[in-house]
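Chemist: okay, sequence plus prediction incoming.
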Amino acid sequence: MLLLRRFPTFTLTLFSCILLCESNTLKARQTVRNFPDGFLFGTATASYQIEGGWNADGKSENIWDHMTHNNPCVTDDCLNGDVADDSYNLYKRDVEMARELGLDFYRFSISWSRVLPTSFPDKMNEAGVQYYNNLINELLKYNIEPMVTIYHWDLPQKLQEMSGWTNPHIVDWFSDYSRVLFEQFGDRVKYWITLNEPREICYQGYGSVTMAPQLNIQGTAEYMCAKNLLVAHAKAYHIYDKEFRATQGGTIGITISASWMEPETEDHAEAAEVMRQFEWGQYAHPIFSKAGDFPPVMKERIAAKSAAQGFQRSRLPEFTAEEVEMVRGSSDFFGLNHYSSVIVFKNESSLTYDVPSYYDDIEANGYQPSDWSGAASSWLKDVPWGFYKLLTAIRENYDNPVVFITENGYSTYGGLEDEDRITYYRGYLNAMLDAMEDGSDVRVYTAWSLMDNFEWMRGYTERFGLYEVDYESPERTRTPRKSAFVYKEIVRTRALDFNYEPNTTIMTIDEGH
Ligand code: NOJ
């Protein structure tokens with residue numbers, strides 16, 4: 001008061017600056033923010049995480065069946081995806097939930113070993129094809145677009161025994177499989193995602209033990225996987241482009257996982273950038289940059305280290321000039337899975353990591369400060385500003401590509417009152433709208449996940465669903481959480497209203513769905 005009386009103009013300016021300048025977030029929270037016309041909302045799942053029916057009707061074994069059957073307590077709760085959400089039988093309920101939410105599309109993945117039990121197109125499993133036809137037709141009956149991921153981590157075990165993604169022949173195996181899907185389902189599927197999260201497939205599966213097939217062949221296998229995977233993706237893309245696009249009229253791209261890497265201080269800016277280039281530039285640069293190929297910093301650093309370590313050639317395989325051209329531009333959109341951020345600092349100590357290894361090549365380390373609030377998953381902290389920075393970097397680095405957010409979500413340990421999940425979704429959607437206001441061309445948003453499901457090595461201990469799944473009941477009863485009601489309202493109004501309080505007594509299907 002005293003201040004106001006003595007310095008009225010100054011104080012008013014200061015006061016309004018506090019209100020207006022404090023942050024965009026504050027400004028936005030006081031209003032309802034609208035999404036642009038044509039913006040699409042959906043939810044996502046993946047075959048191994050929800051389907052069950054692991055050996056039903058002619059399906060063969062995949063790497064997750066194999067690993068969890070041979071080493072049951074590889075997952076935290078010693079459980080597996082044998083039954084999971086039983087969506088193989090309960091898919092109509094899944095579609096009903098999509099209708100309840102009023103979704104524009106539903107993203108799901110196809111199980112390679114369910115459609116092609118030999119892994120190859122010599123023998124098609126009619127029952128498997130029928131299952132996906134049923135799901136697709138059920139969605140379309142209610143005007144929900146199917147968005148199909150061709151590969152979400154469940155490689156046929158037989159292909160793994162032939163070295164999986166480190167065998168260059170996988171370019172043909174994957175593109176033959178993709179062609180089968182275009183032929184079978186492309187008359188009705190207009191959104192295709194070739195591969196989900198290359199980093200998790202290659203680094204976690206081949207350079208570590210945190211995903212099947214747990215090869216842990218560090219510093220080499222993950223790079224071979226990366227190269228083959230990118231070429232396989234590009235080949236499938238070009239098959240669609242040349243043989244199917246004209247008649248089917250769809251769109252096709254890849255989904256890359258990316259966290260935001262924030263430098264600890266300015267001194268660590270270069271380390272953070274190197275880490276970005278390794279962690280997601282590795283897959284984005286070959287496809288979305290003007291020059292194509294792996295990021296220069298990866299090529300230089302791994303070549304130099306490999307020479308010093310006594311290798312005859314770089315541990316990072318080279319693309320031929322023809323492959324660079326084939327991969328460059330091979331995605332109609334930048335599919336982005338984003339969840340969280342890390343603080344990065346430079347770390348040259350070779351004592352921290354095995355040599356050679358991926359993180360020894362990076363020479364940086366990341367952490368999440370203890371005051372960042374977080375989800376049930378140890379790696380998932382609620383950092384909406386990181387989403388804004390990531391979208392900005394993608395816009396600036398890759399000439400403002402069309403972006404589809406193909407996953408974003410939050411885990412709890414269960415329960416229907418999920419305020420933290422609601423806070424997370426609102427914060428991230430708000431940050432995304434900020435980036436869009438700055439010019440980012442985001443067209444699609446997908447919540448992970450429609451319902452609780454098998455969270456890989458975490459089993460069923462971490463829950464990502466808008467719907468809770470009761471794994472004790474044979475019907476795998478699905479019940480909407482509070483966040484489902486909030487998401488439904490966002491989709492219905494095409495707007496983000498921080499003050500909306502849902503009535504959670506009954507979930508209905510609105511007219512038109
Ligand atoms: C990304 C993966 O695509 C999905 O399968 C997983 O469940 C979520 N992240 C949450 O960890």
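Modeler: Here it is on my side, so go on. None of the values given here were measured: they were computed from a predicted structure.
Chemist: now the residue in the stretch 1-150 of the chain positioned nearest to the ligand: how far from Leu155?
Modeler: Nearest residue of the stretch 1-150 of the chain to the ligand: Ala46, at 5.0 Å (C-beta to the nearest ligand atom). Every C-beta, even on glycine, is put in place using the N, C-alpha and C of the backbone. Ala46 sits at a distance of 13 Å from Leu155 (criterion: C-beta to C-beta, to the nearest Å).
Chemist: dump the residue contacts of the nearest residue to the residue of the stretch 1-150 of the chain closest to the ligand once chain neighbours are set aside.
Modeler: Nearest non-adjacent residue to Ala46, counting by C-beta to C-beta, 6 or more residues apart in numbering: His152, 3.8 Å away. Neighbouring residues of His152 by C-beta atoms under 8 Å, 6 or more residues apart in numbering: Ala46, Ser47, Tyr48, Gln49, Ser109, Asn196.
Chemist: nearest to Ile506 among those residues?
Modeler: Among the contacts of His152, Gln49 lies closest to Ile506 (C-beta to C-beta), at 27.9 Å.
Chemist: residues near the closest one, how many?
Modeler: Gln49 has 26 neighbours, counted by other C-beta atoms under 10 Å.
Chemist: next, count neighbours for the residue nearest to it when sequence neighbours are not counted.
Modeler: Counting by C-beta to C-beta, 6+ apart, Gln49 lies nearest to Asn453, which is 4.0 Å off, once chain neighbours are set aside. Neighbour count of Asn453, defined by other C-beta under 10 Å: 24.
Chemist: so who does Asn453 touch?
Modeler: Asn453 neighbours (C-beta under 8 Å, 6+ apart): Thr45, Ala46, Gln49, Ile50, Ala84, Asp85, Phe464, Gly465, Val469.
Chemist: what of Phe105?
Modeler: Here Phe105 is in contact with Leu40, Phe41, Gly42, Ile144, Glu145, Pro146, Met147, Tyr191, Val444, Thr446 (C-beta under 8 Å, 6+ apart).
Chemist: bridging residues for it?
Modeler: Under DSSP bridges, the beta-bridge partners of Phe105 are Gly42, Glu145.
Chemist: would you agree Arg33 falls within a helix?
Modeler: No. If the criterion is DSSP: H, G, I helix; E, B strand; the rest coil, then Arg33 is strand and not within a helix.
Chemist: and it, bridged to which residues?
Modeler: Leu496.
Chemist: for Ala431, see how far away it is.
Modeler: For Arg33, the distance to Ala431 - C-beta to C-beta - is 11 Å.
Chemist: which one's more surrounded, those two?
Modeler: Ala431 (23 against 17).
Chemist: is it true that that one touches Tyr388?
Modeler: Yes. Ala431 lies in contact with Tyr388 (C-beta atoms under 8 Å); the separation is 4.2 Å.
Chemist: residue contacts, the residue in the stretch 201-350 of the chain that the ligand sits nearest to?
Modeler: Nearest residue of the stretch 201-350 of the chain to the ligand: Asn337, at 5.3 Å (C-beta to the nearest ligand atom). Asn337 makes contact with Asn196, Glu197, Thr255, Ile256, Ser257, Ala258, Ile405, Thr406, Glu407, Asn408, Trp448, according to C-beta under 8 Å, 6+ apart.
Chemist: now these as a markdown table including secondary structure?
Modeler: As requested, the contacts of Asn337 are arranged in a markdown table below (three-state DSSP):
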| residue | secondary structure |
| --- | --- |
| Asn196 | strand |
| Glu197 | coil |
| Thr255 | strand |
| Ile256 | strand |
| Ser257 | strand |
| Ala258 | coil |
| Ile405 | strand |
| Thr406 | strand |
| Glu407 | strand |
| Asn408 | coil |
| Trp448 | strand |
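Chemist: which among those end up buried?
Modeler: Asn196, Glu197, Thr255, Ile256, Ser257, Ala258, Ile405, Thr406, Glu407, Asn408, Trp448 (16 or more other C-beta atoms under 10 Å).
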